[in-house]
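J.: based on what follows, work out the 3D shape:
(one chain, ligands or ions: 3)
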Amino acid sequence: MGAPSDSSRNHVIPLDFGSIQTVPESHVWSESDDEYRYPSGVHSGTTNSCFSVPVIDLRDPNAPELITEASEKWGVFQLTGHGIPTELMEEVESETQRLFSLPVDRKLKALRSPGGATGYGQAMISPFFPKHMWHEGFTIMGSATDHAKQLWPHDFEVFSETMDDYQKQMKAIIEQLILIILKSLDINSQQLNWLKNDHYSGHEATTPGTALQLNYYPPCPDPNRAMGLAQHTDTSLVTILQAQTSGLQIFRDDVGWISVQPVRGALTVNLGDFLHILSNGRFVSVLHRVVVNPVQRFSVAYFYGPPSDFIVSPLLSRSVGDSGEIVARYRSVTAKEFIDMKAKNLKRALSLIKT
Ligand SMILES: C=C1C[C@]23C[C@H]1CC[C@H]2[C@@]12CCC[C@@](C)(C(=O)O1)[C@H]2[C@@H]3C(=O)O
Ligand SMILES: O=C(O)CCC(=O)C(=O)O
Ligand SMILES: [Fe+2]
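T.: Numbers count the residues shown, from 1 in each chain. Ligands and ions are numbered 1, 2, ... in the order given. This next block holds a predicted model:
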């Protein structure tokens, strides 16, 4: 998988899915694209239905242990008992539907600029894949107000207030989860401090490490030949996802692709590259993708990462000694450096910082 080079293909504007009945060649993923559909060396199209990702209730007294175990073994779990009001989750979903149902020319008013990060468009990873995805996305960083004004000049409040409120609540849960996860690393409290001592306060709106990604997978006439969102790991510490319809699949080396079956009211939590690096490889940055259905699907993903100047390096245990030296498997990078490496190299980025 090389760096994107073919700038003649437009990677920003999605297809006008509303106007087509068949999957065009540009969107057909055939056998010759298998190297892009499976991790290297894997050639099985089947998904394994004997496994399912753990479901954890945050109110369970054992939640911290269960979360740690799931983070090591899976890098993903479904979270119930999280306290996010059902009404807010439903409103975010219906506002997302309202956005993608807008006429194409309206959505294009909020088109992501080439090289930009926010707005309407194809997934940022598109240039790394030979075929287009059956997908439209909308990325929000900081407040959603400016985008909402582009989309609904006279009536932007409902959208922007809903999205802003949702981001606040997602951030709070993720900070809770990160604390639980980092505590299991046997590191000293100073190393835990970076989360608390508020790298984030004051410049909430510009913190580049957080983003809200709205995803739309249109109904597909030939789901087996299309790809909703190609395989990737998230460039985050933790991502929280909500979706009511199946389609998300995660990859486990020992099992293969596994479908994440929606659990009513649950949020899907998946760990990203930054937590994998901080934990010196102990926590899994889960590889995932989205397959499409004959019915449409919406999802909302909140990405939480460190500020761009934050130095990410393995937080090594304070009790190095008896059992031998613990060596850092990754060298230090700033969050920005790593994000840039992913933008240029995608999945090879992690191996570029291996020690
Ligand atoms: C904060 C983020 C995280 C981004 C980039 C940036 C904004 C949009 C995110 C996504 C959302 C869709 C999948 C992904 C792989 C993509 O193409 O854009 C994500 C990517 C990443 O996790 O790397
Ligand atoms: O749509 C989904 O379920 C997953 C979306 C996703 O992986 C992402 O936005 O990074
Ligand atoms: Fe993702």
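J.: what is the neighbour count of residue 355?
T.: Look at residue 355: counted by other Cβ atoms under 10 Å, it has 9 neighbours. Where you see a C-beta, it was placed from the backbone N, CA and C, and this is true even at glycine.
J.: same question for residue 349.
T.: Residue 349 has 20 nearby residues by other Cβ under 10 Å.
J.: measure it to residue 265 for me?
T.: Distance, residue 349 to residue 265, by Cβ to Cβ, to the nearest Å: 35 Å.
J.: and what of residue 293?
T.: Shown here: residue 293 relative to residue 265, a distance of 21 Å by Cβ to Cβ.
J.: what does residue 88 give?
T.: 12 Å.
J.: ok, residue 292 next?
T.: For residue 292, the distance to residue 265 - Cβ to Cβ - is 24 Å.
J.: next: residue 122.
T.: Following Cβ to Cβ, the distance that separates residue 122 from residue 265 is 30 Å.
J.: more neighbours, those two?
T.: Higher neighbour count among residue 122 and residue 265: residue 122, with 19 against 15, using other Cβ under 10 Å.
J.: contact partners for the more buried one?
T.: 11-14, 132-133, 135-137 (Cβ atoms under 8 Å, 6 or more residues apart in numbering).
J.: bridging residues for the closest residue to ligand 1 within the stretch 251-355 of the chain?
T.: Distances between the stretch 251-355 of the chain and ligand 1 by Cβ to the nearest ligand atom are smallest at residue 303, namely 4.3 Å. With DSSP bridges applied, residue 303 shows beta-bridge pairing to residue 211, residue 239.
J.: surely it touches residue 236?
T.: Yes: if you go by Cβ atoms under 8 Å, residue 303 and residue 236 touch, sitting 4.2 Å apart.
J.: what is the neighbour count of residue 217?
T.: Residue 217 has 29 nearby residues by other Cβ under 10 Å.
J.: for it, give the beta-bridge partners.
T.: With DSSP bridges as the rule, residue 217 is bridged to residue 297.
J.: so for it, what's the pLDDT?
T.: Here the pLDDT value assigned to residue 217 is 98.
J.: surely residue 35 is within a helix?
T.: Yes: the assignment for residue 35 by DSSP: H, G, I helix; E, B strand; the rest coil puts it in a helix.
J.: need the contacts of residue 122 in JSON lines (columns: pLDDT and secondary structure).
T.: Shown next, in JSON lines, are those (pLDDT from 0 to 100; DSSP: H, G, I helix; E, B strand; the rest coil):
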{"residue": "11", "pLDDT": "66", "secondary structure": "coil"}
{"residue": "12", "pLDDT": "81", "secondary structure": "coil"}
{"residue": "13", "pLDDT": "90", "secondary structure": "coil"}
{"residue": "14", "pLDDT": "91", "secondary structure": "coil"}
{"residue": "132", "pLDDT": "96", "secondary structure": "coil"}
{"residue": "133", "pLDDT": "97", "secondary structure": "coil"}
{"residue": "135", "pLDDT": "97", "secondary structure": "coil"}
{"residue": "136", "pLDDT": "97", "secondary structure": "strand"}
{"residue": "137", "pLDDT": "98", "secondary structure": "strand"}
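J.: pull out the buried residues from those.
T.: 11-12, 14, 132-133, 135-137 (16 or more other Cβ atoms under 10 Å).
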